[in-house]
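Asks: Structure for the following, please:
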Amino acid sequence: MINNNLKAYIMLTLCSLFWSGNFIVGKFATLYEVPPLTLNFFRWLIVWIILIPFTFNDIIKNFKIIKKNFYSIFFMSITSISVFNSVIYYSLNFTQVLNGALMISIIPVLIIFISFIFKTEKINFNQILGVILSIIGVITIVTRLDFFRLINLDLNKGDLWLLIAMLSWAIYSTMLRTYKIPLKSLTFISTIVSIGLIFLLPQFLFEYKNHQVIHFNIPVILITSYVVLVAGLGAYVFWNKGVSIVGPNKAGIFLHLMPVFSSFMAIFILNERLMNFHIIGAVVIITGIYLSSKKTLLK
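Replies: Predicted coordinates for the structure are as follows:
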């Protein structure tokens, strides 16, 4: 028999692989001129259509639990469904997959920082150093080693949006562990998707009004299928289950696999170039992550 921790580690590894592919597919979506907000709307609409026949009765049955935890569920749906995914797809119109993949590494450090703010766990001196170094690493990637960009505010807006996405996911992951909602995994996902769609609809209508319409053809159908079934439904089930077993801090470590998976995919599939600022920024971030894993508590 496989113990629960090992099951969680397998699920979290697969989850990282699925989400790494999501960056690649998201980049392909920009090449086929798929509107990013529209893609995210259809992604979760189809997930909702798939799930609701199986979860509707359970949602009604547990309505009191949902009502009692509404504010936390509401905020988790905004940070994960409405903000994170839309921002990722939008940012890929302006930046490389490599940049997004490497900046994912800051999420575990952000989780530690946010956990400290929410007072869900203590923070130590090494973790503070880790947060600082990880931020420096991200700045290195965002500025491309040209730090005068910070002074002149001449930054790639795709990278800046990526930072917002990373913060959003870190908040979601922290809340997922802090507010343990006693719902089945699929019921919980169906609930947050239902709420998230309310805020995705205006995003879709905004692009539709501006004549940004999705045109379904074979490549677009394949892109949509991946983001729905693999990066959407499959990855969220694995992530939520994994976090519930080992907690957000340990689960966050598995996100370090995403830069590895995504970087190889970006280089070999999209022919993106690995530059010096990528390497230097990644080394600084990894150093920060290593320090963050130390256990000496701050007095």
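
Asks: Show me what the host helix or strand of Ile135 is packed up against.
Replies: Of the helices and strands defined by DSSP states H and E, Ile135 is found in helix 125-143. With contacts defined as 3 or more Cβ pairs under 8 Å, 6 or more residues apart in numbering; DSSP states H and E, the packing partners of helix 125-143 are helix 97-103, helix 107-117, helix 148-152, helix 157-178, helix 276-292. In short, each C-beta sits where N, CA and C put it, glycine included.

Asks: least reliable of those helices going by mean pLDDT?
Replies: Lowest mean pLDDT within these: helix 148-152, a mean of 60.

Asks: ok so, going back, adding distance to Gln203 and mean neighbour count, write the helices and strands packed on helix 125-143 out as JSON lines.
Replies: Below are those laid out as JSON lines (distance: least, Cβ to Cβ, whole Å; neighbours: other Cβ atoms under 10 Å):
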{"stretch": "helix 97-103", "distance to Gln203": "20", "mean neighbour count": "25"}
{"stretch": "helix 107-117", "distance to Gln203": "23", "mean neighbour count": "22"}
{"stretch": "helix 148-152", "distance to Gln203": "29", "mean neighbour count": "10"}
{"stretch": "helix 157-178", "distance to Gln203": "14", "mean neighbour count": "21"}
{"stretch": "helix 276-292", "distance to Gln203": "30", "mean neighbour count": "19"}
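
Asks: Can you tell me which of the ones you listed is nearest to Ile46?
Replies: Closest approach to Ile46 among these is made by helix 157-178 (20.9 Å; Cβ to Cβ).

Asks: What lies in contact with that closest one?
Replies: Residues outside helix 157-178 that contact it (Cβ atoms under 8 Å, 6 or more residues apart in numbering): 72, 75-76, 79-80, 83-84, 87-88, 90-95, 99-100, 103-104, 106-107, 110-111, 113-115, 118, 120, 138, 141-142, 240, 243-244, 247-248, 251-252.

Asks: Now list the buried members of those residues.
Replies: Neighbour-count burial (16 or more other Cβ atoms under 10 Å) applied to the contacts of helix 157-178 gives 75-76, 79-80, 83-84, 87-88, 90-93, 95, 99-100, 103-104, 106-107, 110-111, 113-115, 120, 138, 141-142, 240, 243-244, 247-248, 251-252.
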